[in-house]
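> take this sequence and fold it.
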Amino acid sequence: MALEWVVLGYAAGAEAIMLLLLTLPGLDGLRRGMISVVRSALKPMMSVVPFCLFLLMDIYWKYETRPTCGDEHACTPSEHLRHQKSIMKSQRNALLIAAALLLYWILFSVTSLVVRIDQLQQCVSKLKKRDD
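Numbers count the residues shown, from 1 in each chain. Below you'll find the predicted structure:
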């Protein structure tokens, strides 16, 4: 299962880098190329959403089937430590899922806004040319 988390981490990293390149000021020449790259990458990256849901169900299943230590002395210290590590991994993975979904949504929204701004700037320049 570690490979799925690595893939999700790389996807979230790629989303963050694209978002950073789209929003940094002063990169107008790079931004035009990045818009086309990001727009073409958004549809394949949509697969992050069902992938995150699958991994979220996996976390839930692990939570439901975890061993419980009802009494204080029912578990050995190693079992208790393994249980605590499992909880920490699940929390970390849930944060990764939330970050990947949030970054995808923000990237989609920012890309839409940048495209709309470019369209409006083109309309303004056409109107200025027509008035002159």
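> give me the element the residue nearest the centre of the chain is part of.
In the chain, the centroid-proximal residue (CA atoms, centre = their mean) is A100; its distance is 1.7 Å. A100 belongs to helix 77-131 when assigned by DSSP states H and E.
> which helices and strands does that helix pack with?
helix 2-23, helix 28-45, helix 48-64 (3 or more CB pairs under 8 Å, 6 or more residues apart in numbering; DSSP states H and E). Every residue, glycine included, has its C-beta placed from N, CA and C.
> residues contacting the nearest residue to L19 once chain neighbours are set aside?
For L19, ignoring the flanking residues on the chain, the nearest one in space by CB to CB, 6 or more residues apart in numbering is L107 at 5.0 Å. Contact analysis of L107 by CB atoms under 8 Å, 6 or more residues apart in numbering lists E15, M18, L19, L22, V38, L42, M45.
> list the contacts of the first one.
If you count contacts by CB under 8 Å, 6+ apart, E15 has them with M45, V48, A100, L103, Y104, L107.
> and these, which is closest to I87?
A100 (20.7 Å; CB to CB).
> nearest to R130, of the contacts of E15?
Closest approach to R130 among those (CB to CB): L107, at 34.9 Å.
> ok, the closest one to S125 distance?
27 Å (CB to CB, to the nearest Å).
> let me have the contacts of L107 in TSV, extended by distance to Q121.
Below are the contacts of L107 laid out as TSV (distance: CB to CB, whole Å):
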residue	distance to Q121
E15	26
M18	21
L19	21
L22	16
V38	18
L42	22
M45	26
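> buried subset of those residues?
The neighbour-count test (16 or more other CB atoms under 10 Å) marks E15, M18, L19, L22, V38, L42, M45 as buried among the contacts of L107.
> on that earlier part again, spatially nearest residue to the residue nearest to the centre of the chain, not counting backbone neighbours?
In this structure, A100 finds its nearest non-sequential neighbour in A12, 4.1 Å apart by CB to CB, 6+ apart.
> residues contacting the one you found?
Taking CB under 8 Å, 6+ apart, we find A12 in contact with L96, A99, A100, L103.
> how about 6 Å then?
Applying CB atoms under 6 Å, 6 or more residues apart in numbering to A12 gives the contacts A99, A100, L103.
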